[in-house]
Every structure is written in C-alpha cells, then in structure tokens.
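Student: Have a look at this prediction, sequence included:
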Amino acid sequence: MRETVFIGFGSNVGDRVDFCDRAVTLLSLLPHSQVVGVSLLYETEPLHDHAQPGNNWFLNGVVQIETDVAPRSLLMVLREIERSLGRDEDNRSGPRTIDLDILFYGQLVIDEPDLAVPHPRLHQRRFVLMPLSELDPLWMHPSRHRTITQLLAEVQDRSEIRLLLPQPSTRYGSRPTCSPPPGL
Ligand code: ADP
Ligand code: MG
C-alpha cells in the first residue's frame, strides 16, 4: 500500500552537498516510489564542536516520498545507498559521507532492534524537525501524538543550525546528464 515516508539525510565529510544530492537522486530512482518533496539544506553543528560552519558540520535535510516499498526493504535500500556512497561500515559513528534514516513510515510504529520507526530520536533533534516542518508542519507523530510544529516548539536541543546559503542550484538530478551537442 502506498505510504508517505520521510527520510532524513546527513553528511559531514567530503563534498557534503554532492553526497546529499546523490543520495536524493538515488532515492528518486527507487521503483514503486516517487519523491514528492525535498527540504532545504541545513548546516548543523556537530555535538561537542564549536568550530565555524564548514567541513565537519553536518549538512542535513529530509526527503518525502510516496512508496509501496515495505519498511524493511526500504531500510536495506538506504543501507545500500550509504554503502554505494562510501560510508565506512567499520566506523559507523565516525565521519559519515551519508547517513540515511527512516523518520516516519506513514503512521506505522515499529519497535525492533534493527528498525525503530518513528526514528527514536527525531523529536529531540531540531536539525530533523526543521526540515520536516518545511515539508509537512501538521504531520502527526504516531506515538507522541504531537504535530511537527508542536515537537519543534517543545524541543530542548539548542545546537546551532543555519540554512545553507546560498542553497546549491544543481540539486536532485537536475544537473545535465550530458553536454549539449556542438552548435547548440
Ligand atoms: P544513527 O543514524 O542513529 O546515528 P547509524 O546510522 O549508525 O546511527 O545506525 C544505523 C542502524 O540503525 C542501522 O543498522 C539500522 O538497522 C538501525 N536503525 C534502526 N531504526 C532505524 C531507522 N528508523 N532508520 C535507519 N536506521 C535505523
Ligand atoms: Mg542512520
């Protein structure tokens, strides 16, 4: 059955815009699915780091899709995309080329060791709630019975988050696939 799913993405190493762009592009190619929204990109201070924005700061955003792909299959796809973009499996908590999390899968609640949906920490993370609120501020958290707007008003997270400025213009598969023929 077609469900609305929100996927959070984050990158804090290398060409972060390109990793986010490629992750969203790969998600847009997922069969039986359609990307229906992509948030702006936010720069987020890593925990315990007071350096200026730039490398080591996370770039974060959220993609909204409509999909028939079941939750566990979707998790496998996300891990495959993480792998294909070079995430280091042996050092999962280290710098990450790309991190993909299922935030919401419709109004489903899953509580298993390797898959927890809604993502168990999303309500504590402003860098997740802000892009979610762009996409659907009235979306209801199925177990906390709060909208995204309400969760954002209540969150304690005081870490610094800035809109990435300027926003890249070549995102999400919009870059040319080939050069135009000579003369055009
Ligand atoms: P985090 O994203 O919390 O910083 P990781 O990406 O290293 O940490 O955690 C990945 C593991 O979390 C995966 O192996 C996956 O099985 C598990 N996991 C549990 N729930 C989810 C979810 N909703 N989305 C993505 N991964 C999840
Ligand atoms: Mg993750």
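Tutor: On my side now, so go ahead. Numbers count the residues shown, from 1 in each chain. Ligands and ions are numbered 1, 2, ... in the order given.
Student: CA only for contacts and neighbour counts going forward, please
Tutor: Fine.
Student: Figure out how far stretch 8-20 is from the centre of its chain.
Tutor: 10 Å (Cα atoms, centre = their mean, to the nearest Å).
Student: start to end distance for that stretch?
Tutor: Separation of the first and last residues of stretch 8-20 by Cα to Cα, to the nearest Å is 10 Å.
Student: Just the buried residues of that stretch, please?
Tutor: When burial is assessed from 16 or more other Cα atoms under 10 Å, stretch 8-20 yields the following buried residues: Gly8, Phe9, Gly10, Ser11, Asn12, Val13, Arg16, Val17, Asp18, Phe19, Cys20.
Student: With stretch 96-116 instead?
Tutor: Going through stretch 96-116 with 16+ other Cα under 10 Å, the ones that come out buried are 96-107, 116.
Student: Next, see if that stretch gets close to ligand 1.
Tutor: Yes: between stretch 96-116 and ligand 1, judged by Cα under 6 Å from any ligand atom, the touching residues are Asp99, Asp101, Ile102, Leu103, Asp114, Leu115, Ala116.
Student: Which ones, among these, also lie beside ligand 2?
Tutor: Residues shared between these and the neighbourhood of ligand 2 are Asp99, Asp101 [Cα under 5 Å from the ion].
Student: Which of the residues of stretch 96-116 next to ligand 1 fall within strands?
Tutor: Cross-referencing the residues of stretch 96-116 next to ligand 1 with the strands (criterion: DSSP state E) gives Asp99, Asp101, Ile102, Leu103, Leu115, Ala116 as the overlap.
Student: Lowest-confidence member of the residues you listed, which is it?
Tutor: Within those, the minimum per-residue pLDDT falls on Asp99 (95).
Student: which residues touch that residue?
Tutor: Gly8, Phe9, Gly10, Ser11, Glu82, Arg87 (Cα atoms under 8 Å, 6 or more residues apart in numbering).
Student: Cool, thanks, talk later.
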